[in-house]
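Engineer: After the sequence you'll find the predicted model.
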Amino acid sequence: MSSSKLVRVGNSLGGKKLISLDGNFDTFLSTVRNKYGLDDESIINLEDDQGAEVDIDTFPILLELSGIPNLVFKLAGEEYSEFTVNLTDGSPPRSDLQIVNTRSSTSLIPISGREYGFQDNFGLMLHNFLQQDDETNQVVCRSVILKILESPSSADQKLLAEAIIEIVPCWRYAGSANGLNILFDEVGPSGLIQTRLRNIHKNLNTTRKAKASKTTRIREGGPTAKVSKLVELGDDVDYDGLINRLNGTCAKSGAVEIRRLMEITLPHREQMRQNNPQSILIVYKKFSECGFMISHEFSLMKKESRSYFLNIWPKFAPKLLEKSKHFTTSPSLVTFLADECANWDTSVAAIFVLLHLIPPAAQGKGKASRCKISDAKNLLISYYKSGTPLQSILDTWDEEKKQPNLLCLGNDKKNLSSFYLVVDKVLLPIEASNITEAADLLFKSHYVFGAEYDKNLQGFWKFLQVFIYNIDIETTDLSRKIKSVSAQLSGILAESAE
């Protein structure tokens with residue numbers, strides 16, 4: 001042969017290797033010795049993948065066949081103990097588990113005629129014993145499989161099968177070239193090891209799901225954080241009477257009295273936030289009449305965090321816009337900075353940049369559904385031209401906007417003049433003279449009304465909660481994306497907080 005050809009060569013102890021050759025038999029044997037670290041005196045016997053002997057006469061013919069030939073070599077004096085199971089009813093050997101588990105009377109006939117020592121006798125006894133006892137057979141299989149990883153690779157499974165055959169030769173299947181089919185089937189996942197791993201995974205998944213359903217976290221961060229103990233109202237306070245007095249107080253002239261009654265009835269609303277947060281707007285009607293209610297309520301709940309956003313964001317926003325020009329890994333962010341950023345107020349533009357940096361995560365069981373950035377922006381802020389009737393806005397409100405949303409009106413997006421919150425399709429007035437104050441109240445409304453973060457905005461809100469408002473820092477679960485962005489922005493965050 002004039003051209004070289006690849007030959008796959010294997011040995012039970014040395015593994016498989018690809019060897020390039022030009023057809024010369026002696027050169028091939030020399031290359032095999034070199035590849036496997038054998039001395040020049042080693043006598044090599046070749047077989048094809050069906051066990052037929054390959055010699056100097058048949059070797060060139062074998063190379064002329066299409067495909068890569070598979071050859072197995074054995075050294076002179078190298079011992080192999082192979083066994084076949086011969087059923088008394090005349091049935092041929094099978095490559096599935098019934099060969100091992102059958103109750104039929106069996107006899108083991110050695111292929112070679114050599115004498116057998118202690119290890120061979122032990123293998124014969126173990127084979128016969130496992131045939132007669134299914135329970136012990138399962139125990140042996142389980143003890144072997146559990147010693148490897150939960151999800152070993154196919155290569156590791158095959159390696160385990162080879163090791164088992166070396167230890168217990170009677171499990172070698174004579175119907176395949178490598179004798180592994182009973183333990184590891186390369187064509188279909190019907191081998192003993194593969195089947196056992198599937199059962200282990202099934203049991204593990206069932207156990208983990210059952211445990212997860214029983215596990216309850218006492219507390220985690222966020223506006224709807226679970227608490228270990230429900231708020232209990234004392235019998236000495238007439239909350240119904242106080243709520244009636246609060247709802248009957250004039251919104252314009254009774255601001256001081258409203259604040260006082262809000263503070264007294266705070267435990268009642270804390271209980272509602274745990275049990276029935278949707279009823280807060282129904283029971284406490286002043287939220288839809290007084291613009292200061294959300295800010296005052298949040299101050300009663302989280303006094304130490306009430307001013308953080310208002311102090312940090314005006315300094316942080318321009319720094320974020322400047323730094324974002326160097327973030328080129330997000331095509332959507334680059335497009336926003338080039339085409340839309342200049343149309344918005346600086347504070348809103350910075351909010352949208354942060355949303356680009358922490359985009360909506362994939363949702364659903366298959367994690368295949370992901371909200372678009374443009375839709376996520378609308379879940380945060382809704383813009384309308386000044387003079388648009390408020391009732392018409394509510395009448396055409398998008399049903400997807402279920403969580404608190406900031407409604408902004410202005411002559412254009414850069415000059416916003418009026419601000420409202422929409423919560424459960426209820427229009428709430430807020431005391432906000434600019435978009436920064438309005439965005440601050442949008443965040444606070446989640447805590448005031450016990451509202452969950454919109455699933456598409458969780459990353460964005462958690463970033464503000466932890467790194468701007470400093471709320472539930474230790475108990476809030478942060479994704480790798482949030483942590484990565486916080487590391488990128490840590491410098492300007494520290495500068496803005498000074």
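Structural biologist: Cool, the structure landed. Because the structure is a prediction, the values reported are computed rather than measured.
Engineer: contacts, neighbours, all on C-alpha from now
Structural biologist: Fine.
Engineer: Sticking with Ser418, tell me its helix or strand.
Structural biologist: Here Ser418, judged by DSSP states H and E, is contained in strand 415-423.
Engineer: elements contacting the strand or helix carrying Leu409?
Structural biologist: Leu409 is part of strand 405-412, with elements assigned from DSSP H and E. Under the contact definition 3 or more Cα pairs under 8 Å, 6 or more residues apart in numbering; DSSP states H and E, strand 405-412 sits against helix 373-380, strand 381-385, strand 415-423, helix 435-448.
Engineer: Out of these, which one sits most buried?
Structural biologist: Highest mean neighbour count among the helices and strands packed on strand 405-412 (mean count of other Cα atoms under 10 Å): helix 435-448, with a mean of 22.
Engineer: coming back round to it: what are the contacting residues of the very next helix or strand once past the strand holding Ser418?
Structural biologist: Sequence order places strand 426-429 as the next helix or strand after strand 415-423, per DSSP H and E. Contact with strand 426-429 is made by Phe287, Ser288, Glu289, Cys290, Gly291, Leu394, Phe419, Tyr420, Leu421, Val422, as judged by Cα atoms under 8 Å, 6 or more residues apart in numbering.
Engineer: Then stretch 288-299?
Structural biologist: Counting by Cα under 8 Å, 6+ apart, residues outside stretch 288-299 touching it are 251, 259, 262, 281, 286-287, 305-306, 426-431, 441, 444-445, 447-448.
Engineer: Check what pLDDT Glu79 gets.
Structural biologist: Listed pLDDT for Glu79 reads 47.
Engineer: what's the burial count for Ile200?
Structural biologist: 17 (other Cα atoms under 10 Å).
Engineer: secondary structure element for it?
Structural biologist: helix 192-214.
Engineer: for the helix or strand following that helix, packing partners?
Structural biologist: Next in sequence after helix 192-214, counting helices and strands by DSSP H and E, comes helix 239-248. Applying 3+ Cα pairs under 8 Å, 6+ apart, one finds that helix 239-248 makes contact with helix 255-264.
Engineer: Check the offset of the helix it packs on from the chain's centre.
Structural biologist: 47 Å (Cα atoms, centre = their mean, to the nearest Å).
Engineer: what sits up against the strand holding Leu409?
Structural biologist: 379-387, 416-423, 438-439, 442.
Engineer: what angle sits between it and helix 373-380?
Structural biologist: 100 degrees (axes from the mean of the first three to the mean of the last three Cα atoms, to 10 degrees).
Engineer: Now strand 405-412 - C-alpha only, PDB.
Structural biologist: Below are the C-alpha coordinates for strand 405-412, written out as PDB (Å, rounded to 0.1, in the frame of the first residue of the first chain):
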ATOM      1  CA  ASN A 405     -45.900  50.600  38.200                       C
ATOM      2  CA  LEU A 406     -44.700  54.200  37.900                       C
ATOM      3  CA  LEU A 407     -47.000  56.400  35.700                       C
ATOM      4  CA  CYS A 408     -45.200  59.500  34.300                       C
ATOM      5  CA  LEU A 409     -46.700  62.300  32.300                       C
ATOM      6  CA  GLY A 410     -44.800  65.100  30.500                       C
ATOM      7  CA  ASN A 411     -44.400  67.000  27.300                       C
ATOM      8  CA  ASP A 412     -41.600  64.600  26.400                       C
END
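Engineer: Now do the buried residues in that strand.
Structural biologist: Asn405, Leu406, Leu407, Cys408, Leu409, Gly410 (16 or more other Cα atoms under 10 Å).
Engineer: before we move on, what about stretch 448-468?
Structural biologist: Those buried within stretch 448-468 under the rule 16+ other Cα under 10 Å are 448-454, 456-468.
Engineer: likewise stretch 257-264?
Structural biologist: Buried-residue list, stretch 257-264, by 16+ other Cα under 10 Å: Ile258, Leu261, Met262.
Engineer: Closest to Ala163 out of those?
Structural biologist: The shortest approach to Ala163 among these belongs to Met262, at 74.5 Å (Cα to Cα).
Engineer: Partner strands of the strand holding Ser418 and their direction?
Structural biologist: strand 405-412 (antiparallel), strand 426-429 (antiparallel) (DSSP bridges).
Engineer: Next, the angle from that strand to strand 381-385.
Structural biologist: Going by the same axes, to 10 degrees, strand 415-423 makes 130 degrees with strand 381-385.
Engineer: Quick one: work out the angle between strand 415-423 and helix 435-448.
Structural biologist: Using the same axes, to 10 degrees: strand 415-423 against helix 435-448 is 10 degrees.
Engineer: Doesn't Ser490 belong to a helix?
Structural biologist: Yes: assessed by DSSP: H, G, I helix; E, B strand; the rest coil, Ser490 belongs to a helix.
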